[in-house]
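Colleague: need a 3D model of the following:
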Amino acid sequence: MTGRRVGLIASSPVMVGAITTLIVILAVFLAYNANNGLPFVPSYRVSAQVPNAETLVPGNDVRIGGVRVGFVESVEPIQHPDGSVSAKLDLKLDKDAEPIPRDSSVIVRARSALGLKYLEIDKGRSRRGYPEGSTLPLSAAHPQPVEIDQLLDTFNGPTRVAIRQNLVAFGDALAGRGPDLNAALGQLPPLLRRLEPVARNLAAPQTGLDRFIRALAASAAEAAPVAETQARLFVSLDSTFAALASVSRPFIQETISETPPTLEVVTRTSPRIRSFLAHSAALFADLKPGVDALRRNAPQLASALNTGARVLPDAPELNRQLPPTARSLYRFSQDTGVQAGVSRLTQTFDILSPTLRFVTPAQSVCNYATLLLRNASSLTSIGDRNGTGQRFLVMSAGTGPNSENSPSSQPANGGSDVNFLHANPYPNTASPGQPHECEAGNETYIAGRKVIGNVPGNQGTVTEGQR
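Modeller: Numbers count the residues shown, from 1 in each chain. Purely as a prediction, here's the structure:
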(Lines give C-alpha, C1' and ligand atoms only; values in the text may rest on other atoms or scores of the structure.)
Protein backbone atom coordinates (compact mmCIF):
# COMPACT_ATOMS: atom_id res chain seq x y z
CA MET A 1 0.00 0.00 0.00
CA THR A 2 2.79 2.41 0.92
CA GLY A 3 4.77 1.83 -2.28
CA ARG A 4 1.62 2.30 -4.24
CA ARG A 5 0.90 5.71 -2.52
CA VAL A 6 4.43 6.92 -3.18
CA GLY A 7 4.14 5.94 -6.74
CA LEU A 8 0.88 7.82 -7.01
CA ILE A 9 2.50 11.01 -5.59
CA ALA A 10 5.54 10.72 -7.82
CA SER A 11 3.35 10.15 -10.84
CA SER A 12 1.32 13.31 -10.08
CA PRO A 13 2.97 16.46 -11.53
CA VAL A 14 0.80 18.72 -9.37
CA MET A 15 1.93 17.12 -6.14
CA VAL A 16 5.59 17.15 -7.18
CA GLY A 17 5.37 20.86 -8.11
CA ALA A 18 3.58 21.73 -4.87
CA ILE A 19 6.17 19.95 -2.72
CA THR A 20 9.05 21.53 -4.66
CA THR A 21 7.52 25.02 -4.26
CA LEU A 22 7.04 24.45 -0.53
CA ILE A 23 10.68 23.36 -0.13
CA VAL A 24 11.93 26.45 -2.08
CA ILE A 25 9.76 28.80 0.00
CA LEU A 26 11.03 27.21 3.21
CA ALA A 27 14.67 27.56 2.02
CA VAL A 28 14.15 31.22 1.05
CA PHE A 29 12.52 31.91 4.44
CA LEU A 30 15.38 30.32 6.32
CA ALA A 31 17.98 32.17 4.20
CA TYR A 32 16.19 35.51 4.68
CA ASN A 33 15.99 35.11 8.45
CA ALA A 34 19.45 33.59 8.88
CA ASN A 35 20.90 36.92 10.11
CA ASN A 36 18.07 37.25 12.66
CA GLY A 37 18.59 33.78 14.07
CA LEU A 38 17.09 30.48 13.12
CA PRO A 39 13.65 29.66 14.50
CA PHE A 40 13.31 27.36 17.46
CA VAL A 41 16.99 28.02 18.45
CA PRO A 42 17.40 29.20 22.10
CA SER A 43 18.94 32.66 22.49
CA TYR A 44 20.25 35.00 25.21
CA ARG A 45 18.73 38.51 25.06
CA VAL A 46 20.32 41.51 26.80
CA SER A 47 20.50 45.26 26.12
CA ALA A 48 23.41 47.72 26.16
CA GLN A 49 23.58 51.51 26.38
CA VAL A 50 26.17 53.43 24.34
CA PRO A 51 26.75 57.21 24.08
CA ASN A 52 26.35 57.05 20.30
CA ALA A 53 25.08 54.20 18.12
CA GLU A 54 27.67 55.28 15.50
CA THR A 55 25.37 54.29 12.56
CA LEU A 56 24.67 50.81 13.96
CA VAL A 57 21.56 49.30 12.40
CA PRO A 58 19.48 46.22 13.28
CA GLY A 59 21.17 43.11 11.98
CA ASN A 60 24.75 44.26 12.61
CA ASP A 61 27.02 41.69 14.23
CA VAL A 62 27.81 41.37 17.92
CA ARG A 63 31.27 39.87 18.44
CA ILE A 64 33.30 38.60 21.38
CA GLY A 65 37.01 38.19 20.69
CA GLY A 66 36.36 38.66 16.96
CA VAL A 67 33.82 35.77 16.84
CA ARG A 68 30.19 36.48 15.93
CA VAL A 69 27.93 35.57 18.87
CA GLY A 70 24.74 37.36 17.84
CA PHE A 71 23.30 40.44 16.24
CA VAL A 72 21.75 43.81 17.06
CA GLU A 73 18.00 43.27 17.18
CA SER A 74 16.93 46.93 17.50
CA VAL A 75 18.32 50.42 18.14
CA GLU A 76 16.39 53.17 19.95
CA PRO A 77 17.34 56.58 21.41
CA ILE A 78 17.03 57.32 25.14
CA GLN A 79 16.80 60.81 26.66
CA HIS A 80 18.14 61.18 30.22
CA PRO A 81 16.79 63.55 32.91
CA ASP A 82 19.73 65.92 32.40
CA GLY A 83 18.81 66.37 28.73
CA SER A 84 21.58 64.20 27.26
CA VAL A 85 20.75 61.49 24.71
CA SER A 86 22.23 58.01 24.32
CA ALA A 87 21.32 54.86 22.40
CA LYS A 88 19.94 51.57 23.66
CA LEU A 89 20.86 48.41 21.71
CA ASP A 90 18.74 45.28 22.08
CA LEU A 91 21.01 42.27 21.48
CA LYS A 92 20.12 38.69 20.56
CA LEU A 93 23.08 36.46 21.43
CA ASP A 94 23.85 32.79 21.26
CA LYS A 95 23.07 30.82 24.36
CA ASP A 96 26.77 29.95 24.62
CA ALA A 97 27.58 33.62 25.42
CA GLU A 98 25.45 33.56 28.59
CA PRO A 99 26.20 35.11 31.03
CA ILE A 100 28.14 38.28 30.19
CA PRO A 101 30.32 39.22 33.25
CA ARG A 102 29.38 42.38 35.18
CA ASP A 103 32.75 44.06 34.49
CA SER A 104 32.49 43.65 30.71
CA SER A 105 32.68 46.63 28.35
CA VAL A 106 31.23 47.35 24.91
CA ILE A 107 32.48 49.48 22.02
CA VAL A 108 31.20 50.20 18.52
CA ARG A 109 33.87 49.33 15.97
CA ALA A 110 34.21 49.73 12.22
CA ARG A 111 33.96 46.53 10.21
CA SER A 112 35.17 48.08 6.97
CA ALA A 113 36.17 51.42 5.49
CA LEU A 114 32.73 51.66 3.84
CA GLY A 115 30.98 52.44 7.13
CA LEU A 116 29.79 48.97 8.18
CA LYS A 117 29.89 48.66 12.00
CA TYR A 118 29.62 45.95 14.66
CA LEU A 119 29.39 45.84 18.44
CA GLU A 120 32.42 44.41 20.24
CA ILE A 121 31.94 42.97 23.76
CA ASP A 122 35.10 42.77 25.85
CA LYS A 123 34.26 40.16 28.48
CA GLY A 124 35.50 40.81 32.00
CA ARG A 125 36.52 38.42 34.74
CA SER A 126 33.73 38.94 37.27
CA ARG A 127 31.95 35.84 38.54
CA ARG A 128 28.66 37.71 38.51
CA GLY A 129 26.94 38.05 35.16
CA TYR A 130 24.00 39.83 33.56
CA PRO A 131 20.86 37.67 33.58
CA GLU A 132 18.50 37.48 30.60
CA GLY A 133 16.77 40.81 29.97
CA SER A 134 19.39 42.90 31.77
CA THR A 135 20.88 46.14 30.43
CA LEU A 136 24.60 46.93 30.36
CA PRO A 137 24.91 50.48 31.79
CA LEU A 138 26.30 53.47 29.93
CA SER A 139 29.47 53.29 32.04
CA ALA A 140 30.31 49.98 30.34
CA ALA A 141 30.62 51.71 26.95
CA HIS A 142 34.34 52.48 26.90
CA PRO A 143 36.80 53.36 25.52
CA GLN A 144 35.57 55.91 23.01
CA PRO A 145 36.12 54.59 19.48
CA VAL A 146 38.19 56.47 16.92
CA GLU A 147 36.48 56.49 13.53
CA ILE A 148 38.31 56.43 10.22
CA ASP A 149 36.77 59.79 9.29
CA GLN A 150 38.14 61.30 12.52
CA LEU A 151 41.58 59.98 11.61
CA LEU A 152 41.30 61.41 8.10
CA ASP A 153 40.08 64.76 9.49
CA THR A 154 43.49 65.24 11.12
CA PHE A 155 44.88 65.81 7.63
CA ASN A 156 43.01 69.07 7.12
CA GLY A 157 43.99 71.84 4.73
CA PRO A 158 46.70 73.52 6.87
CA THR A 159 48.17 70.11 7.78
CA ARG A 160 48.37 69.04 4.14
CA VAL A 161 50.05 72.32 3.21
CA ALA A 162 52.55 71.85 6.06
CA ILE A 163 53.27 68.26 4.95
CA ARG A 164 53.98 69.46 1.40
CA GLN A 165 56.27 72.18 2.72
CA ASN A 166 58.09 69.62 4.91
CA LEU A 167 58.56 67.30 1.96
CA VAL A 168 59.95 70.14 -0.13
CA ALA A 169 62.30 71.16 2.69
CA PHE A 170 63.44 67.56 3.24
CA GLY A 171 63.99 67.18 -0.49
CA ASP A 172 66.06 70.37 -0.59
CA ALA A 173 68.05 69.17 2.43
CA LEU A 174 68.86 65.80 0.81
CA ALA A 175 69.35 67.05 -2.74
CA GLY A 176 72.96 66.82 -3.87
CA ARG A 177 74.11 65.11 -0.68
CA GLY A 178 74.24 61.55 -1.93
CA PRO A 179 78.01 61.06 -1.32
CA ASP A 180 77.68 62.47 2.20
CA LEU A 181 74.77 60.13 2.95
CA ASN A 182 76.75 57.18 1.57
CA ALA A 183 79.72 58.10 3.77
CA ALA A 184 77.43 58.43 6.79
CA LEU A 185 75.85 55.02 6.10
CA GLY A 186 79.33 53.53 5.79
CA GLN A 187 80.21 54.84 9.27
CA LEU A 188 77.00 53.55 10.88
CA PRO A 189 78.01 49.83 11.36
CA PRO A 190 80.84 50.60 13.84
CA LEU A 191 78.54 53.03 15.65
CA LEU A 192 75.74 50.47 15.84
CA ARG A 193 78.14 47.81 17.16
CA ARG A 194 79.10 50.20 19.97
CA LEU A 195 75.49 51.15 20.58
CA GLU A 196 74.37 47.54 20.98
CA PRO A 197 75.87 47.02 24.50
CA VAL A 198 74.68 50.49 25.48
CA ALA A 199 71.15 49.58 24.37
CA ARG A 200 71.33 46.29 26.31
CA ASN A 201 72.37 48.16 29.45
CA LEU A 202 69.55 50.65 29.01
CA ALA A 203 67.02 47.87 28.43
CA ALA A 204 68.13 45.87 31.49
CA PRO A 205 65.65 46.01 34.42
CA GLN A 206 68.51 46.87 36.78
CA THR A 207 69.09 50.15 34.92
CA GLY A 208 65.63 51.46 35.85
CA LEU A 209 65.27 53.49 32.66
CA ASP A 210 61.47 53.41 32.94
CA ARG A 211 61.64 54.94 36.42
CA PHE A 212 64.08 57.54 35.13
CA ILE A 213 61.69 58.50 32.31
CA ARG A 214 58.76 58.73 34.75
CA ALA A 215 60.85 60.87 37.07
CA LEU A 216 61.77 63.13 34.14
CA ALA A 217 58.08 63.43 33.23
CA ALA A 218 57.23 64.34 36.83
CA SER A 219 60.07 66.89 36.88
CA ALA A 220 58.86 68.40 33.61
CA ALA A 221 55.32 68.61 35.01
CA GLU A 222 56.65 70.43 38.08
CA ALA A 223 58.73 72.81 35.96
CA ALA A 224 55.97 73.56 33.41
CA PRO A 225 54.13 76.18 35.57
CA VAL A 226 57.39 78.13 36.06
CA ALA A 227 58.66 77.78 32.50
CA GLU A 228 58.28 81.52 31.79
CA THR A 229 60.07 82.37 35.04
CA GLN A 230 62.93 80.05 34.11
CA ALA A 231 63.10 81.60 30.64
CA ARG A 232 63.42 85.05 32.21
CA LEU A 233 66.06 83.59 34.55
CA PHE A 234 68.17 82.42 31.60
CA VAL A 235 67.79 85.84 29.94
CA SER A 236 68.96 87.50 33.16
CA LEU A 237 71.82 85.00 33.48
CA ASP A 238 72.90 85.88 29.96
CA SER A 239 73.09 89.55 30.97
CA THR A 240 74.97 88.62 34.16
CA PHE A 241 77.48 86.38 32.40
CA ALA A 242 77.96 88.98 29.67
CA ALA A 243 78.88 91.51 32.37
CA LEU A 244 81.19 88.99 34.05
CA ALA A 245 82.87 88.22 30.73
CA SER A 246 84.13 91.80 30.54
CA VAL A 247 86.01 91.39 33.84
CA SER A 248 86.88 87.71 33.58
CA ARG A 249 90.50 88.52 32.69
CA PRO A 250 92.42 89.43 34.72
CA PHE A 251 90.13 90.21 37.69
CA ILE A 252 88.04 87.03 38.04
CA GLN A 253 91.02 84.92 36.95
CA GLU A 254 93.21 86.48 39.67
CA THR A 255 90.41 86.02 42.23
CA ILE A 256 90.20 82.31 41.42
CA SER A 257 93.97 81.85 41.54
CA GLU A 258 94.31 83.77 44.83
CA THR A 259 91.39 82.05 46.55
CA PRO A 260 93.22 78.79 47.58
CA PRO A 261 96.10 80.54 49.41
CA THR A 262 93.64 82.95 50.97
CA LEU A 263 91.56 80.04 52.27
CA GLU A 264 94.72 78.44 53.70
CA VAL A 265 95.51 81.65 55.60
CA VAL A 266 91.93 81.83 56.86
CA THR A 267 92.12 78.20 58.01
CA ARG A 268 95.27 78.91 60.02
CA THR A 269 94.03 82.14 61.56
CA SER A 270 90.39 81.17 62.16
CA PRO A 271 90.94 79.91 65.74
CA ARG A 272 92.58 83.21 66.66
CA ILE A 273 89.95 85.46 65.07
CA ARG A 274 86.94 83.44 66.29
CA SER A 275 86.26 85.82 69.18
CA PHE A 276 86.58 88.79 66.81
CA LEU A 277 84.01 87.23 64.47
CA ALA A 278 81.64 86.58 67.39
CA HIS A 279 81.91 90.23 68.48
CA SER A 280 81.45 91.34 64.87
CA ALA A 281 78.27 89.23 64.60
CA ALA A 282 76.92 90.85 67.78
CA LEU A 283 77.86 94.30 66.42
CA PHE A 284 76.05 93.68 63.14
CA ALA A 285 73.00 92.39 65.02
CA ASP A 286 72.94 95.66 67.01
CA LEU A 287 73.42 97.68 63.82
CA LYS A 288 70.57 95.97 61.96
CA PRO A 289 67.75 98.22 63.34
CA GLY A 290 69.80 101.31 62.53
CA VAL A 291 70.55 100.04 59.03
CA ASP A 292 66.85 99.34 58.48
CA ALA A 293 65.98 102.86 59.60
CA LEU A 294 68.77 104.23 57.40
CA ARG A 295 67.37 102.33 54.43
CA ARG A 296 63.89 103.77 54.98
CA ASN A 297 65.20 107.32 55.46
CA ALA A 298 67.81 107.19 52.69
CA PRO A 299 65.81 109.51 50.33
CA GLN A 300 65.51 112.17 53.07
CA LEU A 301 69.20 111.83 53.94
CA ALA A 302 70.16 112.15 50.29
CA SER A 303 68.05 115.31 50.00
CA ALA A 304 69.64 116.70 53.18
CA LEU A 305 73.15 115.99 51.86
CA ASN A 306 72.34 117.69 48.55
CA THR A 307 71.02 120.71 50.42
CA GLY A 308 74.04 120.68 52.75
CA ALA A 309 76.42 120.65 49.83
CA ARG A 310 74.87 123.90 48.59
CA VAL A 311 74.90 125.67 51.97
CA LEU A 312 78.28 124.45 53.29
CA PRO A 313 80.22 127.24 51.52
CA ASP A 314 78.33 129.75 53.71
CA ALA A 315 79.03 127.78 56.91
CA PRO A 316 82.28 129.66 57.82
CA GLU A 317 80.45 132.98 57.90
CA LEU A 318 77.70 131.41 60.02
CA ASN A 319 80.29 129.95 62.39
CA ARG A 320 81.88 133.41 62.86
CA GLN A 321 78.51 134.84 63.86
CA LEU A 322 77.59 132.03 66.25
CA PRO A 323 79.91 132.98 69.22
CA PRO A 324 78.64 136.59 69.61
CA THR A 325 75.07 135.40 69.09
CA ALA A 326 75.46 132.75 71.77
CA ARG A 327 76.95 135.32 74.19
CA SER A 328 74.02 137.67 73.56
CA LEU A 329 71.55 134.87 74.16
CA TYR A 330 73.31 133.95 77.39
CA ARG A 331 73.14 137.54 78.69
CA PHE A 332 69.47 137.72 77.63
CA SER A 333 68.68 134.49 79.48
CA GLN A 334 70.32 135.76 82.68
CA ASP A 335 68.16 138.88 82.81
CA THR A 336 65.69 138.73 85.74
CA GLY A 337 62.87 140.22 83.70
CA VAL A 338 63.29 137.62 80.98
CA GLN A 339 63.28 134.81 83.54
CA ALA A 340 60.08 136.17 85.11
CA GLY A 341 58.44 136.45 81.67
CA VAL A 342 59.40 132.90 80.76
CA SER A 343 57.95 131.69 84.06
CA ARG A 344 54.67 133.55 83.37
CA LEU A 345 54.54 132.09 79.84
CA THR A 346 55.06 128.62 81.24
CA GLN A 347 52.18 129.13 83.67
CA THR A 348 50.00 130.50 80.86
CA PHE A 349 50.74 127.49 78.66
CA ASP A 350 50.01 125.16 81.57
CA ILE A 351 46.64 126.83 82.06
CA LEU A 352 45.78 126.90 78.33
CA SER A 353 46.95 123.37 77.52
CA PRO A 354 43.82 121.54 78.81
CA THR A 355 41.57 124.01 77.02
CA LEU A 356 43.55 123.77 73.79
CA ARG A 357 43.58 119.97 73.97
CA PHE A 358 39.78 120.04 74.36
CA VAL A 359 39.11 122.68 71.67
CA THR A 360 41.67 121.64 69.03
CA PRO A 361 39.72 118.61 67.69
CA ALA A 362 36.80 120.91 66.85
CA GLN A 363 38.97 122.28 64.04
CA SER A 364 41.51 119.51 63.37
CA VAL A 365 38.83 116.80 63.17
CA CYS A 366 35.49 118.57 62.57
CA ASN A 367 36.59 121.71 60.64
CA TYR A 368 34.22 123.88 62.75
CA ALA A 369 36.48 126.98 62.99
CA THR A 370 36.74 127.17 59.21
CA LEU A 371 32.96 126.78 58.85
CA LEU A 372 32.39 129.51 61.50
CA LEU A 373 34.63 132.00 59.70
CA ARG A 374 33.04 131.17 56.35
CA ASN A 375 29.54 131.67 57.73
CA ALA A 376 30.58 134.88 59.51
CA SER A 377 31.99 136.28 56.26
CA SER A 378 28.79 135.47 54.37
CA LEU A 379 26.57 136.94 57.12
CA THR A 380 26.84 140.42 55.54
CA SER A 381 27.73 139.39 52.01
CA ILE A 382 24.60 140.75 50.39
CA GLY A 383 23.67 144.40 49.84
CA ASP A 384 23.76 147.24 47.35
CA ARG A 385 25.67 150.47 46.77
CA ASN A 386 24.20 151.98 49.89
CA GLY A 387 25.49 149.26 52.21
CA THR A 388 25.19 145.62 53.20
CA GLY A 389 22.48 143.74 55.01
CA GLN A 390 22.55 140.99 57.56
CA ARG A 391 21.25 137.61 56.54
CA PHE A 392 18.81 135.87 58.89
CA LEU A 393 16.17 133.14 58.72
CA VAL A 394 12.83 133.25 60.53
CA MET A 395 11.91 129.92 62.17
CA SER A 396 8.25 129.36 62.96
CA ALA A 397 7.55 127.13 65.94
CA GLY A 398 4.94 124.38 65.87
CA THR A 399 1.57 124.57 67.51
CA GLY A 400 0.51 122.33 70.37
CA PRO A 401 1.11 121.75 74.06
CA ASN A 402 3.85 123.97 75.49
CA SER A 403 4.54 125.45 72.05
CA GLU A 404 7.42 127.90 71.80
CA ASN A 405 4.98 130.51 70.42
CA SER A 406 3.78 131.31 73.95
CA PRO A 407 4.82 130.85 77.58
CA SER A 408 5.00 127.21 78.62
CA SER A 409 5.62 125.19 81.74
CA GLN A 410 7.87 122.60 80.06
CA PRO A 411 9.50 121.92 76.67
CA ALA A 412 7.20 121.54 73.65
CA ASN A 413 5.94 117.99 73.65
CA GLY A 414 3.22 117.19 71.14
CA GLY A 415 0.27 118.19 69.07
CA SER A 416 2.20 117.63 65.80
CA ASP A 417 5.47 116.06 64.67
CA VAL A 418 7.20 119.45 64.58
CA ASN A 419 6.11 120.56 68.07
CA PHE A 420 8.84 118.72 69.95
CA LEU A 421 11.84 120.49 71.38
CA HIS A 422 15.21 119.51 69.89
CA ALA A 423 18.13 121.19 71.66
CA ASN A 424 21.78 120.17 71.87
CA PRO A 425 23.70 122.89 73.77
CA TYR A 426 26.93 120.88 74.08
CA PRO A 427 27.36 118.76 70.95
CA ASN A 428 30.25 116.31 70.72
CA THR A 429 33.26 117.66 68.79
CA ALA A 430 35.62 114.65 69.04
CA SER A 431 37.29 116.24 72.08
CA PRO A 432 39.02 114.15 74.78
CA GLY A 433 36.47 112.25 76.88
CA GLN A 434 33.78 112.52 74.16
CA PRO A 435 32.70 110.02 71.48
CA HIS A 436 34.77 110.40 68.30
CA GLU A 437 32.11 112.24 66.28
CA CYS A 438 31.31 115.69 64.89
CA GLU A 439 27.75 116.05 66.14
CA ALA A 440 27.06 119.77 65.58
CA GLY A 441 25.33 120.27 62.24
CA ASN A 442 25.08 116.53 61.64
CA GLU A 443 22.23 115.74 64.07
CA THR A 444 19.34 113.88 62.53
CA TYR A 445 15.88 115.30 63.26
CA ILE A 446 13.77 112.69 65.08
CA ALA A 447 10.11 113.49 64.40
CA GLY A 448 7.54 113.00 67.14
CA ARG A 449 10.10 112.79 69.93
CA LYS A 450 11.65 115.30 72.33
CA VAL A 451 15.48 115.27 72.17
CA ILE A 452 17.50 117.42 74.57
CA GLY A 453 21.26 116.92 74.59
CA ASN A 454 23.29 114.53 72.44
CA VAL A 455 21.33 112.68 69.80
CA PRO A 456 21.43 108.86 69.71
CA GLY A 457 24.09 107.11 67.60
CA ASN A 458 27.42 108.20 66.16
CA GLN A 459 27.13 110.95 63.54
CA GLY A 460 30.62 110.41 62.05
CA THR A 461 33.42 112.95 61.59
CA VAL A 462 32.65 114.27 58.09
CA THR A 463 31.42 117.88 57.95
CA GLU A 464 30.90 120.31 55.11
CA GLY A 465 34.12 121.04 53.26
CA GLN A 466 35.62 117.64 54.09
CA ARG A 467 35.85 114.48 52.02
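
Colleague: and this protein, what are its domains?
Modeller: Per automatic domain parsing, the domain ranges recorded for the chain read 1-32, 42-152.

Colleague: so residue 383, which state does it fall into?
Modeller: Three-state assignment for residue 383 (DSSP: H, G, I helix; E, B strand; the rest coil): strand.

Colleague: now do the helices in the stretch 51-200 of the chain.
Modeller: Applying DSSP state H, counting those that start in this stretch to the stretch 51-200 of the chain gives helices spanning 148-153, 157-174, 178-203.

Colleague: so which of those helices comes closest to residue 301?
Modeller: With respect to residue 301, and counting by CB to CB, the nearest of these is helix 157-174 at 63.3 Å. (Each C-beta comes from the backbone N, C-alpha and C, glycine too.)

Colleague: OK, contacts around residue 90?
Modeller: By CB atoms under 8 Å, 6 or more residues apart in numbering, the residues touching residue 90 are 45, 47, 72, 73, 74, 75, 76.

Colleague: now with 6 Å, please.
Modeller: Counting by CB atoms under 6 Å, 6 or more residues apart in numbering, residue 90 touches 47, 73, 74.

Colleague: run a quick neighbour tally on the second one.
Modeller: If I follow you right, that is residue 73. A count of nearby residues for residue 73, using other CB atoms under 10 Å, gives 18.

Colleague: can you measure across stretch 215-235, start residue to end residue?
Modeller: End-to-end distance of stretch 215-235: 27 Å, with CA to CA, to the nearest Å as the criterion.

Colleague: give me the contact list for it.
Modeller: Applying CB under 6 Å, 6+ apart, the set of residues contacting stretch 215-235 is empty.

Colleague: swap in stretch 189-201?
Modeller: Contacts with stretch 189-201, where a contact means CB under 6 Å, 6+ apart, come from residue 207.

Colleague: between the helices of the stretch 51-200 of the chain, which gets nearest to residue 252?
Modeller: Residue 252 lies closest, by CB to CB, to one member of those: helix 178-203, at 38.8 Å.

Colleague: now do the closest one: distance to the chain's middle.
Modeller: On the basis of CA atoms, centre = their mean, to the nearest Å, helix 178-203 sits 50 Å off its chain's mean C-alpha point.

Colleague: now it against helix 157-174, angle please.
Modeller: Helix 178-203 and helix 157-174 meet at an angle of 110 degrees, taking axes from the mean of the first three to the mean of the last three CA atoms, to 10 degrees as the criterion.

Colleague: show the average pLDDT along whatever helix or strand comes next after helix 178-203.
Modeller: Sequence-wise, the next helix or strand downstream of helix 178-203 (DSSP states H and E) is helix 209-223. For helix 209-223, mean pLDDT rounds to 88.

Colleague: next one: stretch 48-64
Modeller: The pLDDT scores in stretch 48-64 average 86.

Colleague: buried stuff in that stretch?
Modeller: For stretch 48-64, a neighbour-count test (16 or more other CB atoms under 10 Å) marks 48, 49, 50, 53, 54, 56, 60, 61, 62, 63, 64 as buried.

Colleague: in strands, which of the residues you listed fall?
Modeller: Judged by DSSP state E, strands contain the following of these: 48, 49, 50, 61, 62, 63, 64.

Colleague: for these, could you give me CSV that also reports distance to residue 277?
Modeller: CSV is the format used below for those (distance: CB to CB, whole Å):
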residue, distance to residue 277
48, 81
49, 78
50, 78
61, 87
62, 85
63, 83
64, 82
